[in-house]
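Asks: This is a predicted model, with the sequence first.
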Amino acid sequence: MLSLDYIRNNKDKVIEAAKNKGREIDLNKIIALDDQRRKLIQQTQILREERNKAGKSKPSPQVIERGKKIKEELKKLEDQLVICNQQLNNLLSYVPNVPLPEVPIGKDASENKEIKKWGDLPKFDFKPKSHIELGEKLDLIDLERGAKVSGFRGYFLKNQLATLHFALLFYVFNKLVKKGYTPLIAPAVIKGFAHFGCGQFPWSEQDVYKLNDDDAYLAGTAEQSVTPYYSGEILNEKDLPKKFVAFSPCFRKEAGAYGKDTKGLYRLHEFWKIEQVIIAKNDIEEARKLHEELQKNCEEILEDLKLPYRVLLMCTGDMGEPQIKKYDTETWMPSREAYGETMSNSIMGDFQTRRLKIKYRKKDNSTEYCFSLNNTALASPRILIAILENYQQKDGSISIPKVLVQLIGFKEIILKK
RNA sequence: GGAGGGUUGCCAGAGUGGUAAUGGAGCGGCUUGCUAAGCCGUGACGAUGAAUAGUCGUCCACAGGUUCAAAUCCUGUACCCUCCGCCA
């Protein structure tokens, strides 16, 4: 959410940003509604002031008569104000955030900028298999029974791969805990306000699972439960930034992705993630530094795992509505003969914290909305694609990344007779 | 699932129809002068304003209702606590 003051003072910027993000907004309508809202507020305040003054002592019959009149007039104005606020908030909730100047302007993924590449692509002196083939041969992934039991995009991870999955999650979780991030096991069942606060609603409602008739939804990422952790609170400046590493199950309907990535472990309804979330001061330079820190963390993880990756600076057309700057980190996946997205690192400015009412008290005693940031640390099973395919051997076995061997207790996955 | 109790500012806590006591913390200021103490100020949000000035309004979990007037009375909802039942 942008503030009305900001919108009024930066009309052209906001219009330009929405255009670059491919979103339609009607700022003139928003400003007209805000004018109307202010007028109604002023009118109600005058009447309330009169009522309050009359209420200071026992009223005379004339004052009671006048009071009845005020009550009627107020009721009319307040009803108008409710409608006005509803319309205004509805339009306002669709206004996307304004990207930073260094963000390239572009229509879609083709205009993202590659800014880094790491690691040598594996050279196989045999025909490499996809993770699906490897998973079937070594009895590590059961997609058929997954679909039978869970439905489309369902899966079982099995045998050594199930153990590897846990080891990866733990390795990454622990790595960030050691860096001073506060560990959290975060809920996956969350209320609507959390989705709205993070900017998932109103734009991506079709991608979220709703539970029965309650105010209960499944989270698509721990960002949606951890960012609202401090909602409605005022934090102390000296306690910022708050850095979290959170584990949670993640659920996505993938409603807009029918027919895309329908095979294997790439696009799933249910997966697990270690997420980094930061609540920081309202300071863009500090936010840029923290953004780089989050980026370094996820790159270190891929380097520990010795997986080749590249980093993209996302263009305006391929970033989400709340974001002002975003890096995607993509990991090499031999069967795709391409890098596939495994991490996504964003600065949100005060867009989410304004919706969630997360503020902090500054040294001069005034309050200010915080900034929020988040980046994936590890998403599994997707990352398993890269591990299985990059670590496959000529004899059909799969070696294990060194950093995990101690944790997991075996060095390779081999075909069982 | 059943029974009862509760929700007031950063915290504690008074307040049963006339518009939020009091104590403490933190922060700021002043004074004294040194293992610290005392005094003063300080809730959030909104309208108006150049203003972090003043004035006014709103906020006692949330949403409605009754009333000239609601923290206070009524209804609904959420959450917390205690006990019983069930349970990984």
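Replies: Right, received. Where do you want to start? Remember, predicted model here, so these are calculated numbers, not experimental data. Numbering: from 1, shown residues only, chains lettered A, B, ... in the order given.

Asks: residue ranges for the helices of chain A, please.
Replies: A:4-9, A:11-20, A:27-54, A:61-92, A:131-137, A:143-150, A:159-178, A:192-198, A:223-226, A:284-304, A:351-356, A:382-390, A:402-408 (DSSP state H).

Asks: measure the closest residue to residue A:220 other than its chain neighbours to RNA strand B for me?
Replies: Spatial nearest neighbour of residue A:220, chain neighbours left out: residue A:252 (4.9 Å); criterion: CB to CB, 6 or more residues apart in numbering. C-beta coordinates here come from the backbone N, C-alpha and C atoms, glycine included. In this view, residue A:252 and RNA strand B are 24 Å apart by CB to the nearest atom of the strand, to the nearest Å.

Asks: Would you tell me which one of the helices of chain A is buried the most?
Replies: helix A:223-226 (a mean of 28; mean count of other CB atoms under 10 Å).

Asks: How far does it sit from its chain's centre?
Replies: Taking the mean of its C-alpha atoms, helix A:223-226 sits 7 Å from the chain's own mean (CA atoms, centre = their mean, to the nearest Å).

Asks: Give me the distance between the residue in the stretch 251-400 of chain A that RNA strand B sits nearest to and residue A:196.
Replies: Distances between the stretch 251-400 of chain A and RNA strand B by CB to the nearest atom of the strand are smallest at residue A:367, namely 4.3 Å. Residue A:367 is 22 Å from residue A:196, where distance means CB to CB, to the nearest Å.

Asks: Kindly report the same for residue A:387.
Replies: Applying CB to CB to residue A:387 and residue A:196 gives a distance of 36 Å.

Asks: Residue A:90 too?
Replies: The span separating residue A:90 from residue A:196 equals 12 Å under the rule CB to CB.

Asks: Give the burial count for the residue nearest to residue A:220, as a bare number.
Replies: Neighbourhood size, residue A:252 [other CB atoms under 10 Å]: 20.

Asks: got it, and the one 4 residues further on?
Replies: For residue A:256, the neighbour count with other CB under 10 Å is 9.

Asks: so what's the residue of the stretch 251-400 of chain A closest to RNA strand B bridging to?
Replies: Here residue A:367 sits in beta bridges with residue A:361, going by DSSP bridges.

Asks: That one touches residue A:234, doesn't it?
Replies: Yes: the pair residue A:367 and residue A:234 passes the contact test of CB atoms under 8 Å, sitting 5.9 Å apart.

Asks: Model confidence for residue A:260, exactly?
Replies: You'll see residue A:260 listed with a pLDDT of 80.

Asks: which ones are touching it?
Replies: For residue A:260, the set of contacting residues under the criterion of CB atoms under 8 Å, 6 or more residues apart in numbering consists of A:254, A:267.

Asks: Show the backbone phi and psi for it.
Replies: Main-chain dihedrals, residue A:260, degrees, to the nearest 10: phi -100, psi 130.

Asks: before we move on, what about the one 4 residues further on?
Replies: For residue A:264, the backbone dihedrals are phi 80, psi -160 (criterion: degrees, to the nearest 10).

Asks: how far away is it from residue A:255?
Replies: For residue A:264, the distance to residue A:255 under the criterion CB to CB works out to 20 Å.

Asks: In contact with the residue nearest to residue A:220, which residues?
Replies: Contact analysis of residue A:252 by CB under 8 Å, 6+ apart lists A:207-208, A:220, A:268-269.

Asks: most neighbours, which of those residues?
Replies: Comparing those on neighbour count, residue A:220 comes out first with 24 neighbours (neighbours: other CB under 10 Å).

Asks: my guess is it contacts residue A:206, does it?
Replies: No: counting by CB under 8 Å, residue A:206 is not a contact partner of residue A:220; they are 11.8 Å apart.

Asks: Next, count neighbours for the nearest residue to residue A:118 once chain neighbours are set aside.
Replies: Computed as CB to CB, 6+ apart, the closest residue to residue A:118 that is not its neighbour in sequence is residue A:309, at 5.5 Å. Taking other CB under 10 Å as the neighbour definition, residue A:309 ends up with a count of 23.
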